[in-house]
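**Q** let me see the structure of the following:
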Amino acid sequence: MIQIFTDGASRGNPGPGGYGVVMIYGKHRKEVAEGFRLTTNNRMELLSVIVALEQIKTTGIPITIYSDSKYVVDSVEKGWIWNWQKKGFEKKANPDLWRKFIPLYRKYQPKFQWVKGHAGHPENERCDELAVEAALGGNLKVDSGYENQPSN
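**A** Next up is the predicted model:
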């Protein structure tokens, strides 16, 4: 089984943000993080899942994604995204990221598990550290999906 732990952060909402990912498969461990100059917490939570799934090279291995984001976990596990997709994501936040997520979800069929944030879970805490460090780092990228929205 591949275990994926994800977290997103923003300093201000919107503000500088970042995501952190810890992936574990057997004895292998990979950490990924990236920061953006202007974004939201929910975008970073969802982007962390997308980036993690993009790292996977093989199908057919069970995947569990652990996230402290009710936004991401409930949207998928409660099936909300399928209604949003049918309606073209009209009046829904982050349509660009959901459109990126859906093919990855269909390809890998991950299960989602909500974990309480800041509750001492080692991998969740590490993801939080990675996300915050990325948000506070230099050389922040542009979250074009956020910054290029008509309302921004």
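**Q** which parts of the protein are strands?
**A** 2-10, 15-25, 28-39, 63-67, 111-114 (DSSP state E).
**Q** now render these as a markdown table, adding distance to residue 138.
**A** Just so you know, the C-beta spots here come from the backbone N, C-alpha and C atoms, and that holds for glycine as well. A markdown table is the format used below for the strands of the chain (distance: least, Cβ to Cβ, whole Å):
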| stretch | distance to residue 138 |
| --- | --- |
| strand 2-10 | 16 |
| strand 15-25 | 11 |
| strand 28-39 | 8 |
| strand 63-67 | 27 |
| strand 111-114 | 33 |
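**Q** among those strands, which is nearest residue 45?
**A** For the strands of the chain, proximity to residue 45 was assessed by Cβ to Cβ; strand 2-10 is nearest, at 3.7 Å.
**Q** hmm, back to that, what's the most buried one of the strands of the chain?
**A** Mean neighbour count (mean count of other Cβ atoms under 10 Å) peaks for strand 2-10 among these, with a mean of 26.
**Q** now that strand against strand 63-67, angle please.
**A** Angle of strand 2-10 versus strand 63-67, following axes from the mean of the first three to the mean of the last three Cα atoms, to 10 degrees, is 30 degrees.
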